[in-house]
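A.B. asks: Got a sequence here, can you model it:
(2 chains)
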Number of protein chains: 2
Amino acid sequence: MIIAFIGGTGPEGKGLAYRLAVAGLEIIIGSRSAERAADAAKEIAERAGVSNLRGAENIDAAREGEIIVLTVPFDAQAATLPPLADALNNKIIVSTGVPLVFDGGKPGIASVPEGSAAEQAQALLAGSRVVGAFHNLSANKLWAGGALDQDVLVAGNEDEAKNDVMALAEQIEGIRAVDGGALAASRLIEGITALLIGINKRYKTAAGVRIVGV
Amino acid sequence: MIIAFIGGTGPEGKGLAYRLAVAGLEIIIGSRSAERAADAAKEIAERAGVSNLRGAENIDAAREGEIIVLTVPFDAQAATLPPLADALNNKIIVSTGVPLVFDGGKPGIASVPEGSAAEQAQALLAGSRVVGAFHNLSANKLWAGGALDQDVLVAGNEDEAKNDVMALAEQIEGIRAVDGGALAASRLIEGITALLIGINKRYKTAAGVRIVGV
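C.D. replies: This is a model prediction of the structure:
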C-alpha cells in the first residue's frame, strides 16, 4: 500500500509519514518542489530507519499514491487541490487540515462555507472519497518519536473508505481509531484541535484525546 | 455551598444533581413548576440517600443558589434567562447546554449568533459570570450511578470563576476538570457532545472524553 502525502514537507506531514514509515508502509512525500520533497523524504527515512520512502512533486505523489493524505495548510488547500483532482479521482483522500484562527491569541475554528476543511476538500475533489482523520495528533509528538496513547477520530460518508482509513490509523503504534461519523462530523473533530492547542499552551504539553466508554 | 439548578428536572439536571448531592453539596432543583421541582428533588434525594436537596421555582432557585447550573434545554434558554437576570447578578453561572441539531439523524451543532450556548447565556446575563462545563457527561450515565472516569472541560473568561467551577466538577468522583480556555472555547466543547452522541449511537455506549498528556 503506497501512502502519498500532498504538502508533506511540513511538521504534520513529516510526523505522520515518520510514524507510518516505521509501521512499514511505503510512503511518497509530495511537495510543490521536487527538491524539498526529496530532502524531507531523506530526513524522514533516516529518522525512521527505512528505505521505502521517497519525494515527488505533488502531482506525481497524487498519481502514484493509493491512499492520499492531505497535509497542506488549510489556507493553501483551495489553491492546491483543483490541479490534482483528475489524478485523485476515485482515490481515498485523508483530510487532516484544520481551519484554525487565532482571535486575540485564542485558538478557534474559522467558518468554512462547506462546513469543515474536510468538506471543502470533498467539494474540490468531487470524484474522490474524502475521509477526515489525524486532526488531533500533535505534529511535534509524532516527530519526537515517543510512545503514543490516544485516539484518532475518523469521519466519512462511505463506510469502506472510512474503514480503510481507520485501519491505516491503527497501523501507528499506540493509536486507536474511533468512528467519528459522517464527513460533516469533521467540523466537530477539527474543533478539538483548536481546543487542544489552547490546552497545550496552558498546560505546556502535547495533549491528545481519548474517547472513554468505547 | 448551595448549588441551584435552573431547569433541573430533566435528565441532565437530575443526573448532575444526583452526583453533586452524593458529594455532599446542598442542592436546589429549580423548575417553572414548584410541584415538579419538589417531585424531582424528592426522587434525587432518595436515590442519593441525602436530605440536603429541595425543589423551588426557578426564580427562587436563582436567588438562593450560590453557584447556578443551567440545565434548561438550549432552545428554552433565551426565554428562561432574562427574567432571572437580576437574581443571577454577580453569580457564577455554569452553562451545560448544547445547541444540538440533527441533520438527517446526524448530530451536529446549530449556528448560534453569540458563538455558543454559553456565550448566549453570558449575553443574556450580562451581570453574571458564565462558565461552560459538564457538556460532555452522559445524563444517563450520571443517573445510572456507576463509576465515572472522564474529564470535564471548563471554559470561562474569569480565572476565579473558572477555578471555582473546576473545583466543583472535581467534587464528583471520577471526574477530572481540564481548563478548556476562554468562554469562546465553549463552542468547541459543546461540539464534542454532538460527536459523542453519534459515537453513542454507533457503538451503543455512553461515551465520554479524556484529554491525554495533561
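
A.B. asks: okay, CA-based contacts and neighbour counts for the rest of this
C.D. replies: Fine.

A.B. asks: So which residues on chain A come close to chain B?
C.D. replies: Residues of chain A that fall close to chain B, judged by CA under 8 Å from any CA of the partner chain: A:106, A:108, A:149-150, A:179-182, A:185, A:188-189, A:191-192, A:194-195, A:198-199, A:203, A:205-214.

A.B. asks: What's the ChimeraX syntax to select whichever of these are buried?
C.D. replies: Provided next is the ChimeraX selection string for whichever of the residues of chain A next to chain B are buried by 16 or more other CA atoms under 10 Å in any protein chain shown:
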select /A:106,108,150,179,180,181,182,185,188,189,191,192,194,195,198,199,205,206,207,208,209,210,211,212,213
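
A.B. asks: and the residues of chain A next to chain B, which of them are in helices?
C.D. replies: Among the residues of chain A next to chain B, the ones falling in helices (DSSP state H) are A:188-189, A:191-192, A:194-195, A:198-199, A:203.

A.B. asks: mind giving me TSV with the residues you listed and columns for pLDDT?
C.D. replies: Formatted as TSV, these follow (pLDDT from 0 to 100):
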residue	pLDDT
A:Leu188	98
A:Ile189	98
A:Gly191	98
A:Ile192	98
A:Ala194	98
A:Leu195	98
A:Gly198	98
A:Ile199	98
A:Tyr203	98
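
A.B. asks: Which pair of those spans the longest distance?
C.D. replies: Using CA to CA, these span at most 22.4 Å, a distance reached by A:Leu188 and A:Tyr203.

A.B. asks: which stretches of chain A form strands?
C.D. replies: Along chain A, counting by DSSP state E, strands occupy A:2-6, A:26-31, A:53-57, A:67-70, A:92-95, A:100-103, A:106-109, A:129-132, A:150-156, A:175-181, A:208-212.

A.B. asks: can those strands go into a markdown table with extra columns for mean pLDDT?
C.D. replies: Below are those laid out as a markdown table (pLDDT from 0 to 100):
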| stretch | mean pLDDT |
| --- | --- |
| strand A:2-6 | 98 |
| strand A:26-31 | 98 |
| strand A:53-57 | 98 |
| strand A:67-70 | 98 |
| strand A:92-95 | 98 |
| strand A:100-103 | 95 |
| strand A:106-109 | 96 |
| strand A:129-132 | 98 |
| strand A:150-156 | 98 |
| strand A:175-181 | 98 |
| strand A:208-212 | 98 |
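
A.B. asks: Just put these in CSV and tack on distance to B:Asn58.
C.D. replies: Below are the strands of chain A laid out as CSV (distance: least, CA to CA, whole Å):
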stretch, distance to B:Asn58
strand A:2-6, 56
strand A:26-31, 60
strand A:53-57, 64
strand A:67-70, 51
strand A:92-95, 46
strand A:100-103, 36
strand A:106-109, 34
strand A:129-132, 43
strand A:150-156, 39
strand A:175-181, 37
strand A:208-212, 34
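
A.B. asks: Quick one: closest of the ones you listed to B:Arg63.
C.D. replies: strand A:106-109 (33.9 Å).

A.B. asks: Pull the contacting residues for the residue nearest in space to the middle of chain A.
C.D. replies: Nearest to the geometric centre of chain A sits A:Thr96, at 3.3 Å (CA atoms, centre = their mean). Going by CA atoms under 8 Å, 6 or more residues apart in numbering or on different chains, A:Thr96 touches A:69-71, A:118, A:132-135.

A.B. asks: number of nearby residues for A:Ala147?
C.D. replies: Number of residues near A:Ala147 (other CA atoms under 10 Å in any protein chain shown) recorded here: 11.

A.B. asks: Now do the contacts for it.
C.D. replies: A:173-174.

A.B. asks: Just to check, A:Ala206 is in contact with A:Leu142?
C.D. replies: No - contact between A:Ala206 and A:Leu142 fails when scored by CA atoms under 8 Å: they sit 9.9 Å apart.

A.B. asks: how much space between A:Val131 and chain B?
C.D. replies: Separation of A:Val131 from chain B (CA to the nearest CA, to the nearest Å): 16 Å.

A.B. asks: For A:Ser95, see how far away that residue is.
C.D. replies: Plainly put, A:Val131 is 6 Å away from A:Ser95 if you go by CA to CA, to the nearest Å.

A.B. asks: which residues are common contacts for the two?
C.D. replies: A:Ala118.

A.B. asks: okay, the residue nearest to A:Ala48 when sequence neighbours are not counted: pLDDT?
C.D. replies: Closest residue to A:Ala48 apart from its sequence neighbours, by CA to CA, 6 or more residues apart in numbering or on different chains: A:Val22 at 5.6 Å. pLDDT for A:Val22: 97.

A.B. asks: is it true that A:Val22 touches A:Leu53?
C.D. replies: No - contact status for A:Val22 versus A:Leu53: not in contact, 10.5 Å apart, counting by CA under 8 Å.

A.B. asks: Looking at the two, which has the bigger crowd around it?
C.D. replies: A:Leu53 (26 against 19).

A.B. asks: contacting residues for the more buried one?
C.D. replies: Counted by CA under 8 Å, 6+ apart, A:Leu53 has contacts A:21, A:26-29, A:41-42, A:44-45.

A.B. asks: Dihedrals phi and psi, the residue nearest to the centre of chain A?
C.D. replies: The phi/psi pair for A:Thr96 (degrees, to the nearest 10) reads phi -110, psi 0.

A.B. asks: so how far is A:Ala155 from it?
C.D. replies: 11 Å.

A.B. asks: and for those two, which residues touch both?
C.D. replies: A:132-133.

A.B. asks: what's the spacing between A:Ala161 and A:Val214?
C.D. replies: Distance, A:Ala161 to A:Val214, using CA to CA: 21 Å.

A.B. asks: no, scratch that, I was asking about A:Phe74
C.D. replies: Taking CA to CA, one finds A:Phe74 at 30 Å from A:Val214.

A.B. asks: hmm, back to that, now the contacts of A:Leu53 in JSON lines, with neighbour count?
C.D. replies: Listed next are the contacts of A:Leu53 as JSON lines, based on neighbours: other CA atoms under 10 Å in any protein chain shown:
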{"residue": "A:Ala21", "neighbour count": "25"}
{"residue": "A:Glu26", "neighbour count": "19"}
{"residue": "A:Ile27", "neighbour count": "26"}
{"residue": "A:Ile28", "neighbour count": "30"}
{"residue": "A:Ile29", "neighbour count": "34"}
{"residue": "A:Ala41", "neighbour count": "27"}
{"residue": "A:Lys42", "neighbour count": "18"}
{"residue": "A:Ile44", "neighbour count": "26"}
{"residue": "A:Ala45", "neighbour count": "20"}
